[in-house]
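J.: what's the 3D shape of this:
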Amino acid sequence: MTDPHHGVAQQRATTSPEPSASSGREQGFRVPSIADLARIAGLEDPVLRNLRITQCYHELSLAARDLLGPAANWCSFACWTSKHAGQVIRVDSFLEQLEGEFGSSREVDAQLDPLVRSWSARGTGNSRAQIRHIVWELLYPRAALERICSDVSEWNLTAFSEIGLAFARFLATFGQASEFKQADIDRFCRFLQEAPGEATLSRAFRSYHLALFESNNKLREERILLANVLLSQYEQSLLQSCVGAAFELRAPTTDELERRFREHSRYGSGAFERIADWLTRRGHKIRMHLDRLRAHTDQVLQTFAHEQFFSAHNGSRSTPLGQPTEHGIPPELIRISLGELDLLLCDLSNSHASGQEGELTTTAESERQDDALSVHMRMHHLAQYLRCHQHDPSLTRPPYSETQVSDLQRGVIPKPPL
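T.: Numbers count the residues shown, from 1 in each chain. Just a heads-up that it's a prediction; the model follows:
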């Protein structure tokens, strides 16, 4: 650290500029308190809670920018990750979206054509849309998907309760600090209550604290990036069970599909009874079409898993991890001077390289899935994303309109789009 007494905190102590119009602050903005976060975490409605969490992350991000400088902090990214998670937490609309993606496929239409013709010839009385819906209802693993939606909601709450709350406490503790005091940050870290041998949160907030008093702009940027990567690593470890469950999603086997048709027919559904009889009569040809529909359903489910758990998000778009972004590495982060950050990035890079050993015997798709399933693999790509987007202006964009924010403050779920 170049000079622990002449960083951003010292500048703030001598000058207190009004936030500019481009700062992302809305009218009536105030820094969320620890009590505010506790109230949000205590909300029982998972949809409303997620919306409030997303907005709170945005407000914490702006407050942290006032404290640490213009570089993006972890909350800047968490806001858009939480907003994207909300698409899954709103389970009914999410399942409708998945069915829409299934039904809009040319491959599905091609396989449905013979089914529609056969069912129409047998006088089932079902329209093409109804038949498509029946097939989807039998193909997709609803119970497993609903469990994942619930798990994503729990992860969203846990990350907020642990990392978000620590951020609020950090802002409350150091918001007016003007000089570096080791005892203050030591006392703060004791509140984090990490498990024995675990110090990821402490390392992250110690790095933010050093950045607060760092006068060298390059080192301050590196300390903020180090903290962002560490907190993202902690967040990804919380997410791991959701990731594993999502990539295990599969449509039922063709034999299971036939069993489901017959099971439905036992409960008095005329359409299912006729279809079950028709399946028995047509045999091999029908199974061929069902196999292809089942394979396409698997593709839809795997696409969902990658988009939800192997992508990064900002105010304008989602980017699959490992793909180039529209942002290059900021000049001050091209060459890393901070030893702790350099070591962490090298460790993540080495984990990724070792994970690709033997790649000549695997497919590109299986490699991509292996990357998604490993915390270290995801973090290798995510660290590069954080590095490139440390000055992405879209991260400060409000996630909701002023009208929607007003509704949220009144405890009302706003009108879409959300």
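
J.: And the strands in the stretch 1-150 of the chain?
T.: Here the stretch 1-150 of the chain has no strands by DSSP state E, counting those that start in this stretch.

J.: low-scoring pLDDT stretches of it, where are they?
T.: 1-29, 115-116, 118-126 (pLDDT under 70).

J.: Could you rerun that using 90?
T.: Applying pLDDT under 90 to the stretch 1-150 of the chain flags the ranges 1-30, 91-145.

J.: show me where the stretch 201-350 of the chain has strands.
T.: Counting by DSSP E, counting those that start in this stretch, the stretch 201-350 of the chain has strands at residues 311-313, 318-320.

J.: want to throw those strands into a markdown table with mean neighbour count?
T.: Where C-beta positions appear, they are placed from N, C-alpha and C, glycine not excepted. Below are these laid out as a markdown table (neighbours: other CB atoms under 10 Å):
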| stretch | mean neighbour count |
| --- | --- |
| strand 311-313 | 21 |
| strand 318-320 | 15 |
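
J.: Looking at these, spot the one closest to residue 301.
T.: The closest of the strands of the stretch 201-350 of the chain to residue 301 is strand 311-313. By CB to CB, the value is 15.5 Å.

J.: With mean pLDDT and distance to residue 144 added, can I get the strands of the stretch 201-350 of the chain in TSV?
T.: Compiled in TSV, the strands of the stretch 201-350 of the chain are given as follows (pLDDT from 0 to 100; distance: least, CB to CB, whole Å):
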stretch	mean pLDDT	distance to residue 144
strand 311-313	92	21
strand 318-320	89	23
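
J.: Mind putting those strands into TSV with distance to residue 68?
T.: As requested, these are arranged in TSV below (distance: least, CB to CB, whole Å):
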stretch	distance to residue 68
strand 311-313	21
strand 318-320	24
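
J.: Quick check: which of those is nearest to residue 165?
T.: Of those, nearest to residue 165 by CB to CB is strand 311-313, at 22.0 Å.

J.: Report all helices and strands that that closest one contacts.
T.: In terms of contacts (3 or more CB pairs under 8 Å, 6 or more residues apart in numbering; DSSP states H and E), strand 311-313 is packed against helix 74-89, strand 318-320.

J.: Can you tell me which of those is packed in deepest?
T.: helix 74-89 (a mean of 24; mean count of other CB atoms under 10 Å).

J.: what mean pLDDT does stretch 207-218 have?
T.: If you average the pLDDT over stretch 207-218, you get 97.

J.: With stretch 409-418 instead?
T.: Stretch 409-418 shows a mean pLDDT of 94.

J.: Likewise for stretch 340-354?
T.: On average, stretch 340-354 scores 87.

J.: okay, it in PDB with CA atoms only?
T.: Only the C-alpha atoms of stretch 340-354 are listed here, as PDB (Å, rounded to 0.1, in the frame of the first residue of the first chain):
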ATOM      1  CA  GLU A 340      -2.300 -11.800  -3.700                       C
ATOM      2  CA  LEU A 341      -4.500 -11.100  -6.700                       C
ATOM      3  CA  ASP A 342      -1.900 -12.500  -9.200                       C
ATOM      4  CA  LEU A 343      -1.700 -15.700  -7.100                       C
ATOM      5  CA  LEU A 344      -5.500 -16.100  -7.000                       C
ATOM      6  CA  LEU A 345      -5.900 -15.600 -10.800                       C
ATOM      7  CA  CYS A 346      -3.000 -18.000 -11.500                       C
ATOM      8  CA  ASP A 347      -4.600 -20.600  -9.200                       C
ATOM      9  CA  LEU A 348      -7.900 -20.300 -11.100                       C
ATOM     10  CA  SER A 349      -6.200 -20.400 -14.400                       C
ATOM     11  CA  ASN A 350      -4.200 -23.500 -13.500                       C
ATOM     12  CA  SER A 351      -7.300 -25.300 -12.200                       C
ATOM     13  CA  HIS A 352      -8.900 -24.600 -15.600                       C
ATOM     14  CA  ALA A 353      -5.900 -25.900 -17.500                       C
ATOM     15  CA  SER A 354      -5.600 -29.100 -15.400                       C
END
